[in-house]
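**Student:** test case, fold it:
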Amino acid sequence: MRTHDSPSDRLSPAALLEHADWVRALARRRVRDEATADDVAQEALSVALERPPRAGGAVDAGDTASSDPSVRGWLARVVQNVARQR
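**Tutor:** Numbers count the residues shown, from 1 in each chain. Next up is the predicted model:
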């Protein structure tokens, strides 16, 4: 039987790196400049590691970062916020 992962397990660096290409592609669509998009993607992944979603927030308990679409939704919001701050 599988137990629920803790938020820190779900948002490990390795799990987030599985989404790195997707985050870069989204950043490129947001800012349209490749160099700036790479900066936005890098900063977004850094923010995601430093400030994971709160329990009960965008990522529900028991979901994994590699398979849960809500993780991408949360990462999309992080990318959007980083891009908007530029």
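**Student:** listing request: residues of the protein with sub-threshold pLDDT.
**Tutor:** Under the criterion of pLDDT under 70, the regions of the chain flagged as low confidence span 1-10, 55-68.
**Student:** what do you get if the cut-off is 50, keeping everything else the same?
**Tutor:** By pLDDT under 50, the weakly predicted segments of the chain are 1-9, 58, 60-66.
**Student:** tell me, what residue is most central in it?
**Tutor:** A centroid search over the chain (CA atoms, centre = their mean) returns residue 75, at 3.2 Å, as the residue closest to the centre.
**Student:** near residue 30, how many other residues are there?
**Tutor:** Using other CB atoms under 10 Å, residue 30 has 20 neighbouring residues. (Each C-beta comes from the backbone N, C-alpha and C, glycine too.)
**Student:** which SS class is it?
**Tutor:** Secondary structure state of residue 30, per DSSP: H, G, I helix; E, B strand; the rest coil, is helix.
**Student:** what's the nearest residue to it if we skip its chain neighbours?
**Tutor:** If the residues on either side of it in the chain are set aside, residue 30 comes closest to residue 83, at 4.3 Å by CB to CB, 6 or more residues apart in numbering.
**Student:** buried ones in the helix or strand where the one you found lies, by neighbour count?
**Tutor:** Secondary structure assigned from DSSP states H and E places residue 83 in helix 69-84. Neighbour-count burial for helix 69-84 flags 71, 74, 75, 76, 78, 79, 82, 83 (criterion: 16 or more other CB atoms under 10 Å).
**Student:** picking that back up, what's the distance between the residue nearest to the centre of the chain and residue 29?
**Tutor:** Using CB to CB, to the nearest Å, residue 75 is found at 13 Å from residue 29.
**Student:** cool, residue 74 as well?
**Tutor:** According to CB to CB, residue 74 stands 17 Å off from residue 29.
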